[in-house]
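[1] give me a 3D structure for the following:
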Amino acid sequence: MTTPEPGLPMAFPAEGLPARIRIHEVGARDGLQNEKATVPTETKAEFIRRLAAAGLTTIEATSFVHPRWVPQLADAEQLFPLVRDLRDRNGTALALPVLVPNERGLDRALALGATRVAVFASATESFAKANLNRTVDEALAMFEPVVTRARAQDAHVRGYLSMCFGDPWEGPVPVARVVRVCRALLDMGCDELSLGDTIGVATPGHVSALLTALTGEGVPVSAIGVHFHDTYGQALANTLAALRHGVTTVDASAGGLGGCPFAKSATGNLATEDLVWMLTGLGIDTGVDLGLLTATSGWMAGQLGRPSPSRTVRALSHKE
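    Sure, this is the predicted structure:
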């Protein structure tokens with residue numbers, strides 16, 4: 001047990017958990033993508049700057065999807081140059097992944113100097129149809145040249161996989177189906193996977209079963225990240241289950257912003273502040289200054305004109 005700084009929980013390290021976690025911050029992309037009112041480009045850039053100042057080292061910046069599909073991110077060409085040279089608190093170049101749906105999106109990203117890209121696959125046919133107007137296998141075929149070309153340019157490639165635990169149209173998703181698509185993404189060259197609980201229906205036992213199946217099929221836990229939504233209040237419990245399996249990359253969104261514009265019932269992402277509070281209490285290092293992060297999310301909530309949904313942001317703001 002360690003005595004906490006003001007505004008932090010007491011730390012009681014638990015056995016069997018990683019010593020350090022890398023937070024993959026998605027607030028600037030996933031968090032803002034379905035905001036109805038257009039967020040100014042400079043506001044997005046300032047959001048990313050403040051997140052970096054708070055200690056986050058991986059911040060997903062934007063998406064090079066066609067503006068017709070996600071109008072909020074139509075300013076990708078204008079935004080990325082404003083942030084691409086940012087550095088983290090240690091002076092290291094900030095990791096700024098961007099989403100690329102196809103080869104055209106990859107061309108746009110590479111032309112601006114992006115060195116980390118992500119493709120967005122689905123474990124279910126219904127969501128593949130809704131999101132990409134393709135079958136699962138057709139989408140994988142579309143991603144293969146994207147991944148190959150990105151790797152040829154020495155870019156790091158992340159493979160998002162949505163609907164890993166449940167689908168609003170199809171219901172529960174068989175573990176074996178998720179494993180098959182994960183294996184396909186790795187085999188085509190993805191460096192990292194992000195397992196998405198897009199509608200927030202996962203529970204810790206389900207998380208453990210999927211991770212056990214993946215490692216049993218040769219998927220290294222070092223290549224796995226988790227991306228939980230908090231629809232049923234299970235995101236932190238599911239994260240802890242993943243940590244017990246050795247996962248060290250966790251997606252989260254500052255202030256709990258975001259969801260998915262193409263999925264019914266998709267509510268907000270796991271709030272980065274709530275994640276940092278739990279990890280701090282477990283004695284796990286994140287490198288994040290919770291006070292600065294909370295202030296950043298409070299600032300962004302003000303820009304959006306509504307309170308932050310993060311419980312930790314509300315609690316710490318109330319104390320002030």
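
[2] pLDDT score for the spatially closest residue to Ala93 that is not a sequence neighbour?
    What sits nearest to Ala93 in space, not counting adjacent residues and going by Cβ to Cβ, 6 or more residues apart in numbering, is Arg87, at 5.8 Å. In this view, the C-beta of every residue, glycine as well, is placed from N, C-alpha and C. pLDDT recorded at Arg87 is 96.

[3] strands of this structure, start to end?
    22-25, 58-59, 62-63, 98-99, 116-122, 156-162, 166-167, 171-172, 192-197, 224-228, 249-252 (DSSP state E).

[4] who touches stretch 118-135?
    Outside of stretch 118-135, the residues within contact range by Cβ atoms under 8 Å, 6 or more residues apart in numbering are 60, 97-101, 136, 138-140, 142-143, 146-147, 157-164, 167-170, 173, 177-178, 181, 185, 190, 194, 198, 262-263.

[5] where in the stretch 51-200 of the chain is pLDDT low?
    Judged by pLDDT under 70, the stretch 51-200 of the chain has no weakly predicted residues.

[6] can I assume Glu60 is in contact with Gly31?
    No. Contact between Glu60 and Gly31 fails when scored by Cβ atoms under 8 Å: they sit 9.0 Å apart.

[7] more neighbours: these two, which one.
    Using other Cβ atoms under 10 Å, the more surrounded residue of Glu60 and Gly31 is Gly31, with 27 against 24.

[8] quick check: that one vs Thr296, distance?
    12 Å (Cβ to Cβ, to the nearest Å).

[9] intersection of neighbour lists for those two?
    The contact lists of Gly31 and Thr296 share Ala254, where a contact means Cβ under 8 Å, 6+ apart.

[10] hmm, back to that, wait, which of the strands of the chain is closest to Thr212?
    In terms of Cβ to Cβ, the element of the strands of the chain nearest to Thr212 is strand 224-228, at 11.7 Å.

[11] and for that closest one, what's in contact with it?
    Counting by Cβ under 8 Å, 6+ apart, 24, 26, 158, 160, 192-197, 200, 202, 207, 211, 214, 234-235, 238-239, 242, 247, 249-251, 269-270 sit against strand 224-228.

[12] now do the helices in this structure.
    41-53, 76-83, 103-111, 125-132, 136-152, 175-187, 204-216, 235-244, 272-281, 290-304, 311-319 (DSSP state H).

[13] pull out the buried residues from the longest one.
    Neighbour-count burial for helix 136-152, with 16 or more other Cβ atoms under 10 Å as criterion, is recorded at Val136, Ala139, Leu140, Met142, Phe143, Glu144, Val146, Val147, Arg149, Ala150, Arg151.

[14] what residues sit buried inside stretch 294-308?
    Residues of stretch 294-308 classed as buried by neighbour count (16+ other Cβ under 10 Å): Thr294, Ala295, Thr296, Ser297, Gly298, Trp299, Met300, Ala301, Gln303, Leu304, Ser308.

[15] now do the last one against Glu46, distance only.
    To tie it back to what came earlier, the one meant is Ser308. Ser308 is 16 Å from Glu46, by Cβ to Cβ.

[16] follow-up on the earlier one: who's in contact with the residue nearest to Ala93?
    Contact partners of Arg87, counting by Cβ under 8 Å, 6+ apart, are Ala52, Ala93, Leu94.

[17] state the distance from it to His206.
    From Arg87 to His206 the distance is 39 Å (Cβ to Cβ).
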